[in-house]
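Chemist: need coordinates for the following:
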Amino acid sequence: MFFLATADADGWPDCSYKGGRAGFVWVIGGDTLAFPSYDGNGMFKSLGNVLRNPRVGLLFMDFEKPKRLRVNGVASIDFADPLVGSFVGAQLVVRVKAEHIFANCPRCIHRMTLEEVSVYAPAPAHEPPAPEWKKMDA
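Modeler: This is a model prediction of the structure:
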């Protein structure tokens, strides 16, 4: 899991949690990461922001070790990205060309352990259920 920081065209920040099964973020080159965009809340805040302002920050957290890693870079979205079929359940793939990568002080990270992987995380031979909130009339 990681947190993705984006900003809109006016500079207003937004931060989103991005989760998946182990290995859902790939290193696809010496300075480039790729991660899937899964079905979300339909607001497209992260993706919309990337299309208007491609500068992003990624904060990877390991609550068990504890460790954290920051990646600042420039994101891109190609609606015909050939990697999209390589990520089960991906609607799109986001690529990030890293400009700065650095470890961050872990001393204040709370220790936590993974109890279970989310039932909504895509995986081969697994169809995530529709979330309850998507069934609401509102």
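
Chemist: how many residues are close by Ala75?
Modeler: By other C-beta atoms under 10 Å, 22 other residues sit near Ala75. C-betas here are computed from N, CA, C, even on glycine.

Chemist: separation between it and Asp62?
Modeler: Distance, Ala75 to Asp62, using C-beta to C-beta, to the nearest Å: 22 Å.

Chemist: pick out the residue closest to the middle of the protein.
Modeler: Residue closest to the mean C-alpha point of the chain, counted by C-alpha atoms, centre = their mean, is Lys18 at 3.6 Å.

Chemist: correct me if wrong: that residue contacts Leu33.
Modeler: No: counting by C-beta atoms under 8 Å, Leu33 is not a contact partner of Lys18; they are 11.4 Å apart.

Chemist: so, low pLDDT: which residues of the chain?
Modeler: Counting by pLDDT under 70, the chain shows low-confidence ranges at 138.
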